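Participant: Next come a sequence and a model predicted from it.
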Amino acid sequence: MPGHPPGRYVSYTDVDPLVIVHVVAAVVLVASAVVVGVWGLARARTIAGREPGREGRAFAQLLQLSHTMVLATCLIGIALWVEGHRSSDPLHARVYGPFMAVAIVAAYAYRTKVAVTNVRVFAITALVIAALGLRAFATGG
């Protein structure tokens with residue numbers, strides 16, 4: 001704005017809408033992963049020897065949402081990369097996004113027939129994904 005010191009007022013008109021979608025998806029990803037991780041660890045303490053009930057279905061759906069958000073955020077990030085957008089830190093796209101996808105694949109590889117073990121594995125994986133997401137926020141730009 002004319003007459004104002006430089007840097008005091010920021011114009012958001014130059015921000016690519018896909019960047020905004022990527023950030024919103026990443027926020028949902030981290031939030032859902034934190035909830036899944038904490039809920040999963042608490043749930044693992046209570047489900048030993050019980051049939052999964054209504055709470056189990058809700059947990060599974062939130063787990064699926066968090067995995068879907070990882071995929072969506074990675075795909076949006078790839079689209080941004082193809083358009084020429086680059087993070088200020090190369091680790092943002094080269095490490096944090098791919099490691100989230102690898103963590104999910106690894107969690108599915110460790111599945112067993114024991115429900116409590118699966119819940120623990122997916123809860124810990126969700127917390128790892130949340131940590132990677134928070135770190136990606138710190139390096140994104």
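Facilitator: Okay, I see it. Numbering: from 1, shown residues only.

Participant: Quick check: nearest residue in space to the residue nearest to the spatial centre of the chain, chain neighbours excluded?
Facilitator: The chain has L29 as the residue nearest its centroid, 3.3 Å off, counting by CA atoms, centre = their mean. With sequence-adjacent residues excluded and distances taken as CB to CB, 6 or more residues apart in numbering, L29 is closest to M69, at 3.9 Å. Yep, even glycine has a C-beta here, placed from its N, CA and C like the rest.

Participant: ditto for R111
Facilitator: In space, R111 is closest to N118, 5.4 Å off (CB to CB, 6+ apart).

Participant: my guess is that neighbour meets T112, correct?
Facilitator: Yes: counting by CB atoms under 8 Å, T112 is a contact partner of N118 at 6.3 Å.

Participant: more crowded one of the two?
Facilitator: Set N118 next to T112 and count neighbours by other CB atoms under 10 Å: N118 wins out with 19 against 9.

Participant: Just the helices from this protein, written as ranges.
Facilitator: 17-46, 54-82, 91, 97-109, 115-139 (DSSP state H).

Participant: which of those helices is buried the deepest?
Facilitator: helix 115-139 (a mean of 20; mean count of other CB atoms under 10 Å).

Participant: where does the chain dip in pLDDT?
Facilitator: Within the chain, the segments meeting pLDDT under 70 span 1-13, 48-55, 141.

Participant: again, only this time at 90
Facilitator: 1-19, 43-59, 81, 83-98, 112-117, 136-141 (pLDDT under 90).

Participant: ok, back up a step: do you know how far the residue nearest to R111 is from G84?
Facilitator: 41 Å (CB to CB, to the nearest Å).

Participant: Could you do V119 as well?
Facilitator: 42 Å.

Participant: do the same with G140
Facilitator: 16 Å.

Participant: Much appreciated, bye for now.
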